[in-house]
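1. just to be clear, the model below is a prediction. Sequence and coordinates:
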Amino acid sequence: MREILHIQGGQCGNQIGAKFWEVVCAEHGIDSTGRYQGDSPLQLERINVYYNEASCGRFVPRAVLMDLEPGTMDSVRSGPYGQIFRPDNFVFGQSGAGNNWAKGHYTEGAELIDSVLDVVRKEAENCDCLQGFQVCHSLGGGTGSGMGTLLISKIREEYPDRMMLTFSVFPSPKVSDTVVEPYNATLSVHQLVENADECMVLDNEALPVGDLNHLISATMSGVTCCLRFPGQLNSDLRKLAVNLIPFPRLHFFMVGFAPLTSRGSQQYRALTVPELTQQMWDSKNMMCAADPRHGRYLTASAMFRGKMSTKEVDEQMLNVQNKNSSYFVEWIPNNVKSTVCDIPPTGLQMASTFIGNSTSIQEMFRRVSEQFTAMFRRKAFLHWYTGEGMDEMEFTEAESNMNDLVSEYQQYQDATADEEGEYEEEEEGDEYQQDYQGVGAKERNRMGGGSLLTKRAAAAATNQTLSLCKRLSPFTILLKTLTSSSSSSSAASAQNPKHETSLQKRRKKKNLFEVAQFLPHWGVGYHLAKSHWANVSYEITKINLYKDGRHGKAWGIAHKDGLPIADAPKKISGVHKRCWKYIPSLAKSIESKKSSPKSTETAAKTEVQAA
């Protein structure tokens, strides 16, 4: 069978998890003692996905419960379904994380993590064919965010080919109980981007807390219903990931559930497929505070439960796409997947679960990032984290990673289908072409060419630019490849400036990491230079590739005239130029050279932020 191992951590994760097991037990006919009391053979057909059958005939959940304090564990154990869990699978400490991400990730959590991994390993060995892990946690506290992300990274090391699905509750400004939530959430997102395969984003702001756990658990069971019950169109965690993730970093999904009715009135309401479809796409039914109308859907998946026609489901989904085509990116055709499971949830005739990969989720990241920046600029509450062994640079890196994530979502929201291939060749050298523009302008003025520049003069200007930059050896090869395109484009732009501005609007900046890969010997120790800062280069000290093998992060040290001048742990990749942060001011260094030749070294060490 295709088993899923459930892990819940922290107070929020354990409360949501306890409610989830109540829902799953009711669907499979399992009572509070773990014995089967159902009336349908379908309930037992694939019960092994979430349950392990003991020798005495009891069904034990494949669940690991962890926390850094015993309080939540006691409440779960004394709850209505507390007796069905395996006692050895409760792993808890005595100290607590105190809403401190560093305590959960580096100190208190690190002491307990080996015990949790032992339990996870035992449960994984009990599976015939483990499909993946699902983790319930919040990002605002200390245990769920800090220890949760630590566990995810450890599981990723030990089980690299298994799927990692997380149900992550993001903090919200309206429903906030901890002032350091933005710090904890940003540090957690930094980890989830790298280590999770699918991340279902939930939000305290979107729904009232009383019904929230019930609705979240209904959504969680809806995601995996096709694994547990027979259906006409089946799905699993890997199929879901393949259909929903067009780019590896963009794996944060909005989830929704329909019908959203109060628990008492469910049985009196007649539901139809069109009504379910309409509710499902409504922003009010989303479980995170981001409006899909403010972005575009890259991909989406709809899971219907109950007796219904597959043909009707397909017609309704197609109807939604045709009527709202502007809310779907046109460069991914057929980007809505639908699945149908015959068994409805308890107490309903039919229901649907929605999972959408929408660019509007950047609203939530932006909101957290703004709060993070406001506090981090003043270094507020930072001593609680540095006291546990963290460094300020980890915060800077996490902030940069989240800002890059927002930029990527915005980039794909703005992208159009016709734009991509048309200027692909010109895009490659676009950023560098602009960098050399200043040198070309000086040459034109010196020759008195004015606005009318002949092709011959343009070629001469380019050759002089090339000789100027000869000493920047790593860029020589790249410059030679760009010489022909830059000379012809400069001539064309001089003759037709309107054409140049229209091209600039349509071009997109190339990722610096991608361009650098065309250079020879690109790797650690390589000097990456930019010509309009004289003799300034970056020596690459560390490279991390993303899963796609084309994008990544690079760290380096800035050099001036061959001497190291500043650590630059900012990324040397990314869409924007925020990566070039620690660069000496060229103007200051020129002035100091004129005034006194001895002061060149001190001018070289000046650090300013590049625009």
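-> Right, received. Where do you want to start?

2. CA only for contacts and neighbour counts going forward, please
-> OK.

3. buried sites along the regular element (helix or strand) spanning residue 121?
-> Under the criterion DSSP states H and E, the helix or strand holding residue 121 is helix 108-125. Using 16 or more other C-alpha atoms under 10 Å as the test for burial, helix 108-125 gives 108-110, 112-113, 116-117, 119-120, 123-124.

4. put together CSV for the residues you listed, with distance to residue 96 and pLDDT on each row.
-> Shown next, in CSV, are the buried residues of helix 108-125 (distance: C-alpha to C-alpha, whole Å; pLDDT from 0 to 100):
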residue, distance to residue 96, pLDDT
108, 8, 93
109, 9, 93
110, 12, 93
112, 11, 95
113, 14, 96
116, 16, 97
117, 19, 97
119, 20, 97
120, 21, 97
123, 25, 96
124, 27, 96
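
5. where does residue 127 fall, secondary structure wise?
-> Element membership of residue 127 [criterion: DSSP H and E] is none; it lies in no helix or strand.

6. residues near it, how many?
-> Counted with other C-alpha atoms under 10 Å, residues neighbouring residue 127 total 19.

7. quick check: it vs residue 309, distance?
-> When distances are taken as C-alpha to C-alpha, to the nearest Å, residue 127 and residue 309 turn out to be 34 Å apart.

8. so which residues of the stretch 301-450 of the chain form strands?
-> Listed from the start of the chain, the stretch 301-450 of the chain has strands (DSSP state E, counting those that start in this stretch) covering 336-341, 350-358.

9. and those, which is most packed in?
-> Here the criterion is mean neighbour count by mean count of other C-alpha atoms under 10 Å, and of the strands of the stretch 301-450 of the chain the winner is strand 350-358, at a mean of 25.

10. tell me what that one is packed against?
-> Strand 350-358 sits against helix 209-223, strand 252-258, helix 273-280, strand 297-306, with contacts defined as 3 or more C-alpha pairs under 8 Å, 6 or more residues apart in numbering; DSSP states H and E.

11. who touches the closest residue to residue 92 other than its chain neighbours in this structure?
-> Distances taken as C-alpha to C-alpha, 6 or more residues apart in numbering place residue 67 nearest to residue 92, at 4.8 Å, with adjacent residues excluded. Residues in contact with residue 67 (C-alpha atoms under 8 Å, 6 or more residues apart in numbering) are 9-11, 73, 91-93, 96, 143-144.

12. same check on residue 155?
-> Contacts here follow C-alpha under 8 Å, 6+ apart; on that basis residue 155 touches residue 117.

13. so which strand or helix has it?
-> Once you assign secondary structure using DSSP H and E, residue 155 falls within helix 148-158.

14. let me see the mean pLDDT of that helix.
-> The average of the pLDDT scores along helix 148-158 is 96.

15. that one to helix 108-125, inter-axis angle?
-> Taking axes from the mean of the first three to the mean of the last three C-alpha atoms, to 10 degrees, one finds that helix 148-158 is oriented at 50 degrees with respect to helix 108-125.

16. quick check: which ranges of the stretch 301-450 of the chain have low pLDDT?
-> Within the stretch 301-450 of the chain, the stretches falling below the threshold (pLDDT under 70) are 418-450.

17. which residue ranges of it form helices?
-> 310-323, 362-377, 383-386, 392-414, 419-422, 424-428, 430-435, 437-447 (DSSP state H, counting those that start in this stretch).

18. can you give me the buried ones in stretch 406-421?
-> Judged by neighbour count using 16+ other C-alpha under 10 Å, the buried positions of stretch 406-421 are 406-410, 412-413.

19. which one of these is nearest to residue 251?
-> Here the nearest of these to residue 251, counting by C-alpha to C-alpha, is residue 409; it sits at 10.7 Å.

20. which ones are touching that closest one?
-> Residues 250, 359-360, 362 are the ones in contact with residue 409 under the rule C-alpha under 8 Å, 6+ apart.

21. if you rank these by neighbours, which is first?
-> For the contacts of residue 409, the largest neighbour count, defined by other C-alpha under 10 Å, is 30 neighbours, found at residue 359.

22. can you lay out the buried residues of stretch 406-421 as CSV showing distance to residue 236?
-> Formatted as CSV, the entries for these read as follows, by distance: C-alpha to C-alpha, whole Å:
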residue, distance to residue 236
406, 28
407, 30
408, 27
409, 26
410, 29
412, 26
413, 28
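
23. quickly check the contacts of residue 409 for the two that are furthest apart.
-> 250 and 360 (11.8 Å).

24. next, count neighbours for residue 57.
-> Neighbourhood size, residue 57 [other C-alpha under 10 Å]: 11.

25. likewise for residue 26?
-> Should you count by other C-alpha under 10 Å, residue 26 turns out to have 16 residues around it.

26. not counting its neighbours along the chain, what's nearest it?
-> Distances taken as C-alpha to C-alpha, 6+ apart put residue 346 closest to residue 26, at 6.9 Å, once the chain neighbours are dropped.

27. same question, residue 241
-> Once flanking residues are discounted, residue 241 sits nearest to residue 198: 6.7 Å by C-alpha to C-alpha, 6+ apart.

28. correct me if wrong: that neighbour contacts residue 249.
-> No. Using C-alpha atoms under 8 Å, residue 198 makes no contact with residue 249, being 9.8 Å away.

29. so for the two, which sits in the more crowded spot?
-> Higher neighbour count among residue 198 and residue 249: residue 198, with 26 against 20, using other C-alpha under 10 Å.

30. list the residues that contact the more buried one.
-> Contact criterion C-alpha under 8 Å, 6+ apart gives 164-166, 241, 251-253 as the residues in contact with residue 198.

31. try it again at 10 Å.
-> 134, 163-167, 192, 237-238, 240-241, 244-245, 248-253 (C-alpha atoms under 10 Å, 6 or more residues apart in numbering).

32. for PyMOL, write the selection for the buried entries among those.
-> Applying 16+ other C-alpha under 10 Å to the contacts of residue 198, the buried members can be selected in PyMOL as follows:
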select buried, resi 134+163+164+165+166+167+192+237+238+240+241+244+245+249+250+251+252+253
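
33. quick one on the thing from earlier: looking at the strands of the stretch 301-450 of the chain, which is nearest to residue 77?
-> Closest of the strands of the stretch 301-450 of the chain to residue 77 is strand 350-358, at 29.4 Å (criterion: C-alpha to C-alpha).

34. any idea of the angle that closest one forms with strand 297-306?
-> Using the same axes, to 10 degrees, the interaxial angle of strand 350-358 with respect to strand 297-306 works out to 170 degrees.

35. what is the end-to-end distance of stretch 36-52?
-> From start residue to end residue, stretch 36-52 stretches across 13 Å - C-alpha to C-alpha.

36. do stretch 217-228 as well
-> 15 Å.

37. now residue 284, what's its secondary structure?
-> Each residue gets one of three states, and residue 284 gets helix by DSSP: H, G, I helix; E, B strand; the rest coil.

38. kindly report the same for residue 65.
-> With three-state DSSP as the criterion, residue 65 reads strand.

39. quick check: bridge partners of it?
-> When bridges are taken as DSSP bridges, the partners of residue 65 come out as residue 8, residue 90.
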